[in-house]
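Novice: give me coordinates for this.
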Amino acid sequence: FLTYLRAASFTEEIRFDAYSRACGEVFDILNHAGIDYLLLKGAAYAGAFYRVPCLRHSDDLDLLLQEKDLFIAAEALLRAGLKPDSYPLDVGTHHLTKIFHKSGLSVELHRRLYDPYCYYFPFDDLWVMGRSAMIAGRELRILGPVDSLLNILTHATMCSSQRSLRWVCDAWLLV
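Specialist: Below you'll find the model as predicted:
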């Protein structure tokens, strides 16, 4: 049994290294463009709460931006070679159309944490209450602990993520 666990762990470490490299490229593009953003969900939790980040499986990248920066960020990513899921870019309820890195990593540029029928938190307030964390070898801003816990619990009750129990580990490690 330990052999299978070691193999699974090794496989996840390799996958997480590729995931981190792709995330890092996206971070570098946005940082170079001078865009402020908050890293959300899986990538943020892996780097901030987990002693071994590869134990928090993530397969996409969620970033919260100011409304005014959404299309500037999207344009920077597209110029760097990322591809949108569809044209034209649709704002949707709370994030733009997904944009894909060459690795297959999907990037969601959020304009709010939740859809318009839920809660609204101004970006500036979230930024001030946020904190820094080392993610993919870069110092980035993530939500503060209270906002992170609210985000975890809201997604656990309202979104497709409720089918997975990852949120339980995220909440436990945060608390």
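
Novice: for stretch 19-26, list the C-alpha coordinates in CSV.
Specialist: Taking C-alpha atoms only, stretch 19-26 is exported to CSV below (Å, rounded to 0.1, in the frame of the first residue of the first chain):
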residue,chain,number,x,y,z
TYR,A,19,0.9,23.8,-12.3
SER,A,20,3.1,26.2,-10.3
ARG,A,21,5.3,27.0,-13.4
ALA,A,22,2.2,27.8,-15.4
CYS,A,23,0.7,30.0,-12.6
GLY,A,24,4.1,31.7,-12.2
GLU,A,25,4.1,32.7,-15.9
VAL,A,26,0.6,34.2,-15.5
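
Novice: check the offset of it from the chain's centre.
Specialist: 11 Å (CA atoms, centre = their mean, to the nearest Å).

Novice: what residues does that stretch touch?
Specialist: 43, 53, 58-59, 61, 63, 77, 80, 82, 101, 103, 105, 107, 135-138 (CB atoms under 8 Å, 6 or more residues apart in numbering). Just so you know, the C-beta spots here come from the backbone N, C-alpha and C atoms, and that holds for glycine as well.

Novice: kindly recompute the last result at 6 Å.
Specialist: 43, 61, 101, 103, 105, 107, 136 (CB atoms under 6 Å, 6 or more residues apart in numbering).

Novice: can you give me the buried ones in it?
Specialist: 19-20, 22-23, 25-26 (16 or more other CB atoms under 10 Å).

Novice: any idea of the mean pLDDT for that stretch?
Specialist: The pLDDT scores in stretch 19-26 average 96.

Novice: I'd like the numbering to begin with 6 instead of 1 from here.
Specialist: All set: I'll call the first residue 6, so the last point we hit is now stretch 24-31.

Novice: so for the nearest residue to Ser63 once chain neighbours are set aside, what's the pLDDT?
Specialist: Spatially, and ignoring its direct neighbours in sequence, Ser63 is nearest to Gly47 (3.1 Å; CB to CB, 6 or more residues apart in numbering). Here the pLDDT value assigned to Gly47 is 91.

Novice: in JSON lines, list the buried residues of stretch 24-31 along with distance to Leu94 and secondary structure.
Specialist: Listed next are the buried residues of stretch 24-31 as JSON lines, based on distance: CB to CB, whole Å; DSSP: H, G, I helix; E, B strand; the rest coil:
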{"residue": "Tyr24", "distance to Leu94": "24", "secondary structure": "helix"}
{"residue": "Ser25", "distance to Leu94": "26", "secondary structure": "helix"}
{"residue": "Ala27", "distance to Leu94": "20", "secondary structure": "helix"}
{"residue": "Cys28", "distance to Leu94": "21", "secondary structure": "helix"}
{"residue": "Glu30", "distance to Leu94": "20", "secondary structure": "helix"}
{"residue": "Val31", "distance to Leu94": "16", "secondary structure": "helix"}
